[in-house]
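>>> Starting from these lines, generate the structure:
(one chain, ligands or ions: 1)
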Amino acid sequence: MDARLVGDEDAGVGSPVVTMRGVRKLYGSVEALRGIDLDVRPGELLAMLGPNGAGKTTAINIMLGLRRATEGEVRLFGGDPRDWRCRLRVGATPQNIGFPGELKVREVLELVRAHYPRPMTAEEAMARFGLEDVAGRRTSALSGGQRRRLAVALAFVGNPEVVFLDEPTTGLDVESRRSLWDATREFVSQGRTVVLTTHYLEEAEALATRVVVINEGKVVAEGRVDEIKAIVGVRRVRFEAPSLPALPEVVSVHQEGCTYTVYTKDSDALVRALVTSGVSFANLEVLAVSLEEAFIAITEGSR
Ligand SMILES: Nc1ncnc2c1ncn2[C@@H]1O[C@H](COP(=O)(O)OP(=O)(O)OP(=O)(O)O)[C@@H](O)[C@H]1O
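Sure thing, here's the model as predicted:
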């Protein structure tokens, strides 16, 4: 099945956690969101995938009531996202991770958990996110990775119904990323909901039950991860050759002298065809590409 272009016809079982209809956001003359229609359904792990500047953070901030839409309708649990009763059902990573520097890690967690009706203990949050060793450390003395882990722990410590994570694993080492993924999966396995933004298809693949792809302020595709991979899962194949033979699954091609760079959605098929073409090629390289590079290749290819 192909990923659908989004109209979001089936809202799934239960009332949506978030509903966005025709949401536009202007920052002065910059149109960050150009008419977003989106439902977040209860119990799903929705990944918002998109390149730099696509509008992911803006969309999340509007869902959270931290920013106002210029136009359109936004509902969180059927109400106004700025209503404090909605906010008590939500956890989120703080935006710019500016913690009060004089407070210790445990104190920040205690402060945030105190707002929620059924929070986890600060100890439990620290154990889950690998913060026990720095429990008594002032936040101003944390490393970048520790600050990010604290930010994510703060999203979960209130034991809310839905958690919003804005690029939660950027800058984390492999082990921290894994433990964050585990905690997120466990949370969703209890029937709760997560919305996360990411640049990494790999992260969406590890976690998401559904993906929406945002580009230039619009939802350009939505579906399961395998469906989305078929759209944006591009690889780069580079080689030197006297000429370019006919190759399958080509998204776009660049030539510099006798070096060809070919973007493809199926590098295995492409390399097999290259080998059997009889063209004498050299210095073959196959590389995964960033989402940004994939979007550029796809956009060029469609021209
Ligand atoms: N406060 C602001 N004032 C002016 N323009 C802004 C502001 N915040 C975001 N923008 C612009 O709005 C667009 C969308 O930005 P946004 O941060 O939502 O994208 P993003 O998908 O989260 O990007 P990234 O992955 O790089 O974080 C970008 O062009 C950005 O420069």
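
>>> The helix or strand containing residue 284 packs against which elements?
Using DSSP states H and E, residue 284 sits in strand 282-288. Counting contacts by 3 or more Cβ pairs under 8 Å, 6 or more residues apart in numbering; DSSP states H and E, strand 282-288 is packed against strand 235-240, helix 267-276. Yep, even glycine has a C-beta here, placed from its N, CA and C like the rest.

>>> Buried ones in the shortest one, by neighbour count?
Residues 235, 236, 237, 239 are the ones in strand 235-240 that count as buried (16 or more other Cβ atoms under 10 Å).

>>> Also stretch 152-168?
Going by neighbour count (16+ other Cβ under 10 Å), the buried part of stretch 152-168 is 152-160, 162-168.

>>> ok, of those, which one's closest to residue 280?
Residue 280 has its nearest neighbour among the buried residues of stretch 152-168 in residue 167, at 44.3 Å by Cβ to Cβ.

>>> can I assume the closest one is in contact with residue 180?
No - the criterion here is Cβ atoms under 8 Å, and residue 167 misses it with residue 180 at 11.5 Å.

>>> now the strands for the stretch 151-300 of the chain?
162-166, 193-198, 210-215, 218-223, 235-240, 250-256, 259-264, 282-288 (DSSP state E, counting those that start in this stretch).

>>> Could you dump these into JSON lines and include distance to the ligand and mean pLDDT?
Output for the strands of the stretch 151-300 of the chain, formatted as JSON lines (distance: least, Cβ to the nearest ligand atom, whole Å; pLDDT from 0 to 100):
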{"stretch": "strand 162-166", "distance to the ligand": "7", "mean pLDDT": "95"}
{"stretch": "strand 193-198", "distance to the ligand": "6", "mean pLDDT": "94"}
{"stretch": "strand 210-215", "distance to the ligand": "6", "mean pLDDT": "90"}
{"stretch": "strand 218-223", "distance to the ligand": "12", "mean pLDDT": "88"}
{"stretch": "strand 235-240", "distance to the ligand": "21", "mean pLDDT": "95"}
{"stretch": "strand 250-256", "distance to the ligand": "22", "mean pLDDT": "92"}
{"stretch": "strand 259-264", "distance to the ligand": "21", "mean pLDDT": "95"}
{"stretch": "strand 282-288", "distance to the ligand": "18", "mean pLDDT": "94"}
